[in-house]
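Just the structure for this:
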Amino acid sequence: MRFVKTIDDAAPRAGRLCRGSGGAAVLLTLAALGGCASEPETANQPARVAPSPAGPSAAGNLPEDSYRRRLAEYAAGNAVAAAAPSHAQPPAPAQPPTPATGYSVAGNEGAAAAFGGAGVGASKGSGTAVAEGAAAAENRPPARPQVIGLGTRPGFEIGVQVSDYRYQEHLVANTVFDQQTGTKVGLTGSGTMTFRSRAFVTLDLRAAYSRNDYSSPGSGTETGINELLTDIRLLGGRDFLSDDAFGLGWNLGIAPYVGLGYRFLYNDLRGITSALALGYQRFSHYVYLPIGVTPRFRVTDNSRIGVTMEYDQFIAGWEDSNLTDVNPAAPMVKNEQNSGYGMRGSAMFETSRWSVGPFFDYWNINQSQPALFVVGGVLLEGTEPHNQTIEYGMQSRYHF
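Next up, the predicted model:
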């Protein structure tokens, strides 16, 4: 708020008439004004009115020359009054500004009335409100810590995996024809979107690499075989949450889901085995239907365990064998695979950001359809044997 000094012909006094930005005239104490006047005067004398510098004064309608003369006399009188000792009773110290009003006019009820009671009343009211608010804050019970939910979380996850990998082919049931083993190191990533209906959609990605060891009773052994595995899946499902699962008071979340997956594997068998057999590159393709469920239960307020169980129905697949690596006259042979299944699962200990736990992945694919091809004028037939893939390991993920 802005205050302007005013003067008139009356003698100096202890209080001075001032005008605020809203135009209301208020008689304030020296302390409340912070220097509106400095000379003593009596409270019954008329207040001085400051003439406007733009023309005649608002109170006395003085011409401009009279205004300048009066202004000079006023300035001289103030200088004399400031030099002379004052016998007036010193004003009471002003209260500091309150948070509600910014200015204090305590000790001058007349000023509060002129401002419609806004000065003192607002200060008193704000003090009471602050005191009541402080008391309520002291009596308020402590906030309950945030509890981790049991539903599917929206956002993104990245992770790492380390696993033991084993691939086996069987010409005769339960008899290993050849196999490859290795340690796979992989990266995972996923993005999940949730909806108000508790439905969710997830895009899940995986890439893993290993250097395998090959062994076969008829073809010998070979080491350092490069293999790359990728998996991409689109999943959709819904969360079902209960605070009293099975009538036992358990907090439980269940998230069934279904989707579509594509698995690609590149296996580089080029080289010569210990039995002088030649190898070639293989490209394996699986299209499958994942059907699964993830139950979750809370361990502490900020941790939970999620167990995923999934069945993967094999829809279609094919195996490309680049026999040109063995004989330049041989073609790329494609064997179609029509039946098989897979399973996978995990048990993850999860916090708001991190999760860690074991996982496994299993595939069982039946023998492929035979493929005919010609090499050097000779008609040949090739098939992809019945095979199994077993993988298990540990993984960790970060959620953001």
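
Tell me the strands beside the helix or strand containing residue 202, with direction?
Per DSSP states H and E, residue 202 falls inside strand 199-216. The strands beside strand 199-216 in its sheet (DSSP bridges) come out as strand 178-194 (antiparallel), strand 220-238 (antiparallel).

which residues does residue 292 contact?
Applying CB atoms under 8 Å, 6 or more residues apart in numbering to residue 292 gives the contacts 256-258, 308-311, 344. Backbone N, C-alpha and C define where each C-beta goes, glycine included.

of these, closest to residue 299?
residue 308 (16.5 Å; CB to CB).

quick one: strands adjacent to the helix or strand containing that closest one?
Taking DSSP H and E as the criterion, residue 308 maps to strand 303-322. Within its sheet, strand 303-322 is paired with strand 281-300 (antiparallel), strand 332-337 (antiparallel), strand 340-350 (antiparallel), according to DSSP bridges.

Relative to residue 299, which of the strands paired with strand 199-216 is closest?
strand 178-194 (21.5 Å).

which parts of the strand holding residue 202 are buried?
Going by neighbour count (16 or more other CB atoms under 10 Å), the buried part of strand 199-216 is 200-202, 204, 206-210, 212, 214-216.

coming back round to it: for the strand holding residue 308, what is the average pLDDT?
Strand 303-322 shows a mean pLDDT of 97.

buried residues in that strand?
In strand 303-322, counting by 16+ other CB under 10 Å, buried: 304, 306, 308, 310, 312, 314, 317-319, 321-322.

residues near residue 384, how many?
Around residue 384 there are 25 other residues, counting by other CB atoms under 10 Å.

same question for stretch 358-374, mean pLDDT?
On average, stretch 358-374 scores 96.

what comes up buried for it?
Quick answer for stretch 358-374 (16+ other CB under 10 Å): 359, 361, 363, 365, 367-368, 371, 373.

These: which two are farthest apart?
359 and 373 (38.6 Å).

Just confirm residue 146 is within a helix.
No: assessed by DSSP: H, G, I helix; E, B strand; the rest coil, residue 146 does not belong to a helix; its assignment is coil.

Correct me if wrong: it contacts residue 351.
No: applying CB atoms under 8 Å, one finds residue 146 not in contact with residue 351, separated by 11.9 Å.

Endpoint to endpoint, stretch 238-253 covers what distance?
Its first and final residues considered, stretch 238-253 spans 10 Å by CA to CA, to the nearest Å.

domains for this structure, by residue range?
If you go by automatic domain parsing, the domain ranges for the chain are 3-139, 155-399.

least reliable of those going by mean pLDDT?
domain 3-139 (a mean of 46).

hang on, the earlier thing: any common contacting residues for residue 146 and residue 351?
residue 302.

More neighbours: those two, which one.
Per other CB under 10 Å, whichever of residue 146 and residue 351 has more neighbours is residue 351, with 14 against 9.

Identify the residue nearest the more buried one in space, chain neighbours excluded?
Leaving aside its chain neighbours, residue 351 sits nearest to residue 303 (5.1 Å; criterion: CB to CB, 6 or more residues apart in numbering).

Contacts only, for the one you found.
148, 349-351.

from those residues, which would you call buried?
Here, 16+ other CB under 10 Å leaves 148, 350 buried among the contacts of residue 303.

Farthest pair within the contacts of residue 303?
148 and 349 (11.6 Å).

tell me, what's touching these two both at once?
The overlap between the contact sets of residue 148 and residue 349 (CB under 8 Å, 6+ apart) consists of 303-304.

can you give me the angle the helix or strand where residue 265 lies makes with strand 281-300?
Assigned by DSSP H and E, residue 265 belongs to strand 250-268. Here the directions of strand 250-268 and strand 281-300 differ by 160 degrees (axes from the mean of the first three to the mean of the last three CA atoms, to 10 degrees).

Near residue 268, how many residues? Count them for me, please.
18.

Identify the spatial nearest neighbour of it, chain neighbours not counted.
residue 226 (4.5 Å).

what sits against that neighbour?
Residue 226 makes contacts with 209, 211-212, 266-268, as judged by CB under 8 Å, 6+ apart.

cool, and residue 249?
Counting by CB under 8 Å, 6+ apart, residue 249 touches residue 243.

Roughly how far does it sit from residue 243?
Using CB to CB, to the nearest Å, residue 249 is found at 8 Å from residue 243.

what touches both of the two?
By CB under 8 Å, 6+ apart, no residue touches both residue 249 and residue 243.

Okay, and the beta partners of the residue nearest to residue 258 when sequence neighbours are not counted?
In space, and not counting its chain neighbours, residue 258 is closest to residue 291: 5.2 Å by CB to CB, 6+ apart. When assigned by DSSP bridges, residue 291 has beta-bridge partners residue 258, residue 311.
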